[in-house]
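Chemist: Any chance you can model this:
(one chain, ligands or ions: 2)
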Amino acid sequence: MLPQARQWLRDARVVAVLTGAGMSAESGVPTFRGPEGLWKQFRPEELATPEAFARDPLLVWEWYDWRRRTIAAVTPHAGHLALAALEKVKEDFALITQNVDGLHDAAGSRNVLKVHGDIWRLRCTRCRREWTCRDAPLASLPPRCDCGGLARPGVVWFGESLPRDVWAKAEEAAERCEVLLVAGTSAVVYPAAGLVPLAKRAGARVIEINREQTPVSAVCDASLRGPAGEVLPALIAEV
Ligand code: BJW
Ligand code: ZN
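Modeler: Ligands and ions are numbered 1, 2, ... in the order given. Coordinates of the predicted model:
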């Protein structure tokens, strides 16, 4: 299956990639689902919804500050580097990520579409100003804007819309690509998971890279079972 997938990738002029938390797992960033996932320990509705933030902004910020400290201490792995290298040799390439950790940027990827936002961005709930802050830990919790308003993490919580421009580009990329790589996502969160059947309907070859089967495995042309940090470098070698 790997040689066939490699051939599809080699032949493709237009490539898109969709990544999820499993992409960062080998760097040391916990996933959300699965036996060691964050949702085993924490309840999403208490931490990753606008209602949770309205109820207890300090609790939500403590969780995000802890995650920011974890992410600040890690680096991209060989799979992230392979995707950055793939972008350099493809004429048309888009990397769509559900991850907020910035590891694709750190690996040198350029065209990164962050459909669930960015943990390093803050947004004022009063004046809507947005800014980057990489302090980890943050100087004070909860952080505030210059206007005095409460800041929130620049991420997309359940029940919130995805950033309109970024999402439009992600849909275009999925519809346009000849090959879609789907790496390290459980494919249960929508609308991101819907990009896989969208690409398939538009005629793309879909190659999944995951340790386990997912709800989209059935629509994939190839399912490569293994860790992204090993499978992606093997897939992308000599492309
Ligand atoms: C490896 C590996 C290794 C491990 N190598 N692989 C009912 C039906 C359908 C939809 C809905 C519904 N009810 C509500 C909805 C909508 C909802 C949704 O999809 N819910 C479902 C969970 C049921 N979606 C939304 O609310 C979205 N917005 C929206 O729809 O707007 C319209 C709307 C408006 C108003 C009302 C309703 C709708 C927004 C979704 C936002 C998701 N946010 C989060 C948090 C981001 C911020 C943060 O990081 O804190 O995004 S939740 C979390 O899940 C995070 C992730 O990006 C996302 C996806 O998870 P991901 O990346 O797939 O990770 P895991 O952990 O699930 O999977 C890891 C995978 O890796 C596994 O498969 C492993 O096997 C694999 N793996 N190690 C390769 N080394
Ligand atoms: Zn403000």
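Chemist: where does the chain have low pLDDT?
Modeler: For the chain, not a single residue meets the criterion pLDDT under 70.
Chemist: right, and the helix or strand after the longest strand along the chain?
Modeler: As assigned by DSSP state E, the longest strand anywhere in the chain is strand 117-124. Beyond strand 117-124 on the C-terminal side, the first helix or strand identified by DSSP states H and E is strand 130-132.
Chemist: Could you tell me which strands the helix or strand that that following strand is followed by is paired with, and in which direction each runs?
Modeler: With elements assigned by DSSP H and E, the helix or strand that comes after strand 130-132 is strand 151-155. Here strand 151-155 is paired, per DSSP bridges, with strand 117-124 (antiparallel).
Chemist: Excluding covalently adjacent residues, which one is nearest to residue 94?
Modeler: Nearest non-adjacent residue to residue 94, counting by C-beta to C-beta, 6 or more residues apart in numbering: residue 173, 3.6 Å away. C-beta here means a position set from N, CA and C on the backbone, and glycine is covered the same way.
Chemist: close to ligand 2, is the longest strand of the chain?
Modeler: Yes. Using C-beta under 5 Å from the ion, strand 117-124 comes into contact with ligand 2 via residue 124.
Chemist: which residues are contacting that strand?
Modeler: 64, 67-68, 71, 100-102, 129-134, 143, 145, 147, 149-156, 163 (C-beta atoms under 8 Å, 6 or more residues apart in numbering).
Chemist: do stretch 157-176 as well
Modeler: Under C-beta under 8 Å, 6+ apart, the answer for stretch 157-176 is 14, 16, 18, 44-45, 48-53, 92, 94, 96, 113-117, 156, 180, 191-192, 195-196, 198-199, 202, 204.
Chemist: so residue 90 touches residue 10, yeah?
Modeler: No. If you go by C-beta atoms under 8 Å, residue 90 and residue 10 don't touch, sitting 10.3 Å apart.
Chemist: That'll do, ta.
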